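Participant: Provided below are the primary sequence and the corresponding predicted coordinates.
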Amino acid sequence: MSADCLFCRIARGDLPAHKVHEDDHILAFLDLHPIRPGHTLVIPKDHHVWFEDLPEDLATRVTTCAQRLARAMKRLYAVERVAMFYTGIHVPHAHAHVVPMHHVHDVSSKAYLADGVESYALPPKLADDEMSNIAKSLKADLT
């Protein structure tokens, strides 16, 4: 754990959190600034800055917890969808957001808002040759 990392401090119990789940490896707690009520963060207790730095077994543990939370959120909030995503924007400690989606744009990108917040616009489609080149590059560089 990092001495000054906000999420490490929460994981150690140095700072309070509204805990939803905890085991020896991960902690799930409510986001202080939720997109929707129930918005939960799932973090590894060990300090990893980026989600791609997580060992596979730990990433699987985070995802499994997020799936369990999603099923609970669907029952509790009567929503059709629950989003799960990693961002790493505000706190440099890998964390998954689990958000019950009451609206199609609850976790949207500016690219989907071209027609306004009450509709859903598809971003422009890339040309097939560009898609092919991107796929080849990613496939060749997978580690």
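Facilitator: Structure's in. What do you need?

Participant: who are the neighbours in contact with the residue nearest to His39 when sequence neighbours are not counted?
Facilitator: Residue nearest to His39 in three dimensions, not counting chain neighbours: Asp31, with 4.4 Å by CB to CB, 6 or more residues apart in numbering. Every residue, glycine included, has its C-beta placed from N, CA and C. For Asp31, the residues meeting the contact criterion (CB atoms under 8 Å, 6 or more residues apart in numbering) are 39-41, 97.

Participant: turn the residues you listed into TSV, columns for secondary structure.
Facilitator: What follows is the contacts of Asp31, written out as TSV (DSSP: H, G, I helix; E, B strand; the rest coil):
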residue	secondary structure
His39	coil
Thr40	strand
Leu41	strand
His97	strand
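
Participant: quick one: which of these is nearest Cys5?
Facilitator: Leu41 (13.4 Å; CB to CB).

Participant: separation between the residue nearest the centre of the chain and Met101?
Facilitator: The centre of the chain sits closest to Phe85, judged by CA atoms, centre = their mean, with a distance of 2.5 Å. Applying CB to CB, to the nearest Å, one obtains 11 Å for the distance of Phe85 from Met101.

Participant: tell me which element the residue nearest to the centre of the chain is part of?
Facilitator: Of the helices and strands defined by DSSP states H and E, Phe85 is found in strand 81-86.

Participant: got the buried residues for that strand?
Facilitator: Buried residues in strand 81-86, counted by 16 or more other CB atoms under 10 Å: 82-84, 86.

Participant: ok, those vs Glu52, which is closest?
Facilitator: Nearest to Glu52 out of those is Tyr86 (CB to CB; 8.9 Å).

Participant: residues contacting that closest one?
Facilitator: By CB under 8 Å, 6+ apart, Tyr86 lies in contact with 51, 94-97.

Participant: again, but for Glu118
Facilitator: Not one residue lies near Glu118 by CB under 8 Å, 6+ apart.

Participant: give me the distance between it and His103.
Facilitator: Summarising the geometry, the distance separating Glu118 from His103, computed by CB to CB, is 9 Å.

Participant: tell me which element the residue with the largest distance to the centre of the chain falls in.
Facilitator: When distances are taken from the C-alpha mean of the chain, Asp129 lies farthest, 30.9 Å away, according to CA atoms, centre = their mean. Per DSSP H and E: Asp129 is located in helix 128-141.
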